[in-house]
Structures are given as structure tokens and as C-alpha cells.
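1. What would the 3D arrangement of this be:
(2 chains)
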Amino acid sequence: ETGVTQTPRHLVMGMTNKKSLKCEQHLGHNAMYWYKQSAKKPLELMFVYSLEERVENNSVPSRFSPECPNSSHLFLHLHTLQPEDSALYLCASSTRTGVGMGYTFGSGTRLTVV
Amino acid sequence: QQPVQSPQAVILREGEDAVINCSSSKALYSVHWYRQKHGEAPVFLMILLKGGEQKGHEKISASFNEKKQQSSLYLTASQLSYSGTYFCGTEVGSGSRLTFGEGTQLTVNP
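-> Modelled structure (predicted):
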């Protein structure tokens, strides 16, 4: 375990479904991130939350909706997804105010859209 | 703009050395290195800040050439456990977004 927990680990959903991905960290970090990892592509930053405020939305379609109710929890709400949205979704956390600190990643949610 | 990693893949025998490079067209504040094994989370290895420092982590070390905006990851006397995909991530400023390269797949065989 890395200290960042993502649930569920696997998710299969139809294009008309609504589902949510959950991320939880108790490392005392004050920034959380959603990344998308597709085959043969680099990790793509989707959203950044710093101190529970969204500081970056990296041109992500509105069918992805993030929520950060507190500094320990991050959600990604999904609705009317497309097959090309199938990927591994990784959550990460870090200390934004620290220098020389890396990101701690969760193990990801493998999403398949059918 | 994402950094460029090379090589894309490398196959080693146990005990051999390898170098993975990461270069950027932008002036960098920091370079991160991560390793991801299949089905697992990427794991932070080390971070290098501008200043051309070199860091070490067991038999894995890295350097950062600020003038060339390039970082290299050195794996010496490789072990089977070193197998995985290595990613570099770059920041152009403190607290700015971390942008990742495409990764280098490293395979260490007995």
C-alpha cells in the first residue's frame, strides 16, 4: 500500500451509466491529482486540487466531474462516457508547499466503457 | 509540452547497467523519476532540482544538467526487481504541473 487508496480497482460501465471513482489519502498531503493513463501514452494530468480548491482543469470533457470535499478525499464522477475513455485512472497526492517532494500514487482504477 | 525519454525500451541481463534519458525543450525547475510495475502504482524514486545536482537511491542514481535541460537515470548492477516502466516528470516552476514522458520499459532477465 502506498498510502493513497483508490476504489474500485476495476470498473466496467455502459455509456449511459453514472459511476464515481474514489481516492483517499491520510498522508497529510494538501494537494491531490487525477491522471489518466492510456496504453502507449504518457500520464495525462486531468485535475489538480490544492487545499481543496480546484486549481487546474486540463481541458477535460465535462463528462468527467471532480469533487474534493476535504484534503483527504477526492472523487471523479463519470457520466455518459465514451469507449475511448477506457483507461487506468490514477490518483496522486503531494505536499504543494514542500520543496523536493514527490507524488504518491494510488494503484488506480481500471475503467472499461462498453 | 511533455519531456522526451530515451530509449523507449531496454532489455538487460541481471548485473548489467543501464541509462535512461529525459530531455525537455523548456527550462526546468525539477525532474522527478518514478518506476511503475505492471498493475501497480507508480512509485517515486527521486527528485532533482535545478542546480545540476546528482542523487542516489541504492544502486539507482540520477543527474540533472540544467544547461541542457536533461536528466539521466543510472541503474547499476541491475536486479530482477528493477524491471518496470520508468517515467520522468518535469516541472517548469515550483508547484507547477508535473508533465510526464512516455516512459521507458526496462526488463531485467536472469
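
2. thinking A:Ser71 is in contact with A:Ser50, fair?
-> No. Contact between A:Ser71 and A:Ser50 fails when scored by C-beta atoms under 8 Å: they sit 9.5 Å apart. All C-beta atoms are positioned from the backbone trio N, CA, C, and that covers glycine.

3. which residues does the closest residue to chain A within chain B bridge with?
-> Among the residues of chain B, B:Phe44 lies closest to chain A, at 3.3 Å counting by C-beta to the nearest C-beta. Beta-bridge partners of B:Phe44, counted by DSSP bridges, are B:Tyr34.

4. can I assume it is in contact with A:Ala92?
-> No. Assessed by C-beta under 8 Å, B:Phe44 is found out of contact with A:Ala92, at 9.5 Å.

5. Which strands and helices lie in contact with the host helix or strand of A:Thr5?
-> A:Thr5 is part of strand A:4-7, with elements assigned from DSSP states H and E. The contact analysis (3 or more C-beta pairs under 8 Å, 6 or more residues apart in numbering or on different chains; DSSP states H and E) places strand A:4-7 against strand A:18-25, strand A:87-94.

6. Please tell me the pLDDT value assigned to A:Ala92.
-> A:Ala92 is assigned 95 on the pLDDT scale.

7. Those residues of chain A touching chain B, which are they?
-> Counting by C-beta under 8 Å from any C-beta of the partner chain, chain A comes close to chain B at A:2, A:4, A:40-43, A:45, A:48, A:56, A:58, A:90, A:96, A:99-108.

8. among those, which ones are buried?
-> By neighbour count, with 16 or more other C-beta atoms under 10 Å in any protein chain shown, the residues of chain A next to chain B hold A:2, A:4, A:42-43, A:45, A:48, A:90, A:96, A:101-108 as buried.
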